[in-house]
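Q: One predicted model, sequence on top.
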Amino acid sequence: MERANLWKPQRLFVLLVILTIVGLFLSGAFGFLHDRQRVEDFFQDSGALGPLIYVLSFVAAQPLSLPGAALIIPATFVWTWWQVFIYSMLGGIVASCVGFALSRWIAQEWVRKRLPKKLLIWDQRIQDNAFAAVVALRLIAGYAPAADWVLGISKVRWRDFFIGTVLGLGPITLLLAIFGDDTVRWVQTAPLLVLSVLLFLACLVIVVKKFRHTGN
């Protein structure tokens, strides 16, 4: 039975992802994705297929744990800010949903069986305040794939994950689409101020949601 378990679909998929990452590393894809000028040139030369390739690139960057800014900033030199915002939101949402679903499929059962009781208590608190937790995590972590993986292991519902992701990614995506490199410099020079603003936005969304819920 143990030998048969080695060939579970989840384990085969993980093996495939590992082999893919190794292949990308050997092919030089890592260097390409971290070279802003090459990324910019690539999308400029992609023509009408550029937006579609751009959206799919967010999914491809998931296993590489590549920050969203690495894709969004070069895009600001290719398209208008509102196009970058729409394409980036689509790419981020699709990639997040894929990461969330795969994490839930591959790791949720295995990880939850091994979580200490103290962490299970925190997991229950996240589940009880799922929408607020997703919004806050997205505002702080942005496009970080690790956020998708953690939420996938939790018992956060799909609806809360999706709506929270859309609302949480909106502000940082808008800032990056409009201001590009300047957004990164602001975060580097005044991280506490930026974090305070993001936490304020998270609290504002939560208060508005509770107010609407109470009104209904």
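A: That came through, no problem. If you're wondering where the values come from, they're calculated on a predicted model, not measured in any experiment.
Q: pLDDT below threshold where in this protein?
A: 1-8, 10-11, 13-36, 115, 117-120, 182-216 (pLDDT under 70).
Q: what about the helices in it?
A: 2-5, 9-27, 29-33, 36-44, 50-60, 69-75, 81-106, 108-112, 117-128, 130-141, 145-153, 158-179, 181-189, 191-215 (DSSP state H).
Q: Could you count how many residues lie near Glu109?
A: When neighbours are counted by other Cβ atoms under 10 Å, Glu109 registers 11. All C-beta spots, glycine's among them, are computed from the backbone N, C-alpha and C.
Q: Return the residues in contact with it.
A: For Glu109, the contact set (Cβ atoms under 8 Å, 6 or more residues apart in numbering) is empty.
Q: Distance-wise, check it relative to Gly152.
A: 11 Å (Cβ to Cβ, to the nearest Å).
Q: What about Leu139, how many residues nearby?
A: 24.
Q: tell me how far the ends of stretch 59-79 are from each other?
A: Distance between the two ends of stretch 59-79: 20 Å, counting by Cα to Cα, to the nearest Å.
Q: Give me the buried positions along it.
A: In terms of neighbour count (16 or more other Cβ atoms under 10 Å), stretch 59-79 has its buried residues at 59-62, 64, 66-76, 78-79.
Q: again, but for stretch 46-56
A: Applying 16+ other Cβ under 10 Å to stretch 46-56 flags Gly50, Pro51, Tyr54, Val55 as buried.
Q: Can I get that stretch in PDB, CA atoms only?
A: C-alpha atoms of stretch 46-56 as PDB (Å, rounded to 0.1, in the frame of the first residue of the first chain):
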ATOM      1  CA  SER A  46       4.300  40.300 -28.600                       C
ATOM      2  CA  GLY A  47       1.700  42.400 -30.400                       C
ATOM      3  CA  ALA A  48      -1.900  41.500 -29.900                       C
ATOM      4  CA  LEU A  49      -1.000  38.300 -28.000                       C
ATOM      5  CA  GLY A  50       0.900  40.400 -25.400                       C
ATOM      6  CA  PRO A  51      -1.900  40.900 -22.900                       C
ATOM      7  CA  LEU A  52      -2.800  37.200 -23.000                       C
ATOM      8  CA  ILE A  53       0.900  36.100 -22.500                       C
ATOM      9  CA  TYR A  54       1.200  38.700 -19.800                       C
ATOM     10  CA  VAL A  55      -1.800  37.300 -17.900                       C
ATOM     11  CA  LEU A  56      -0.500  33.800 -18.200                       C
END
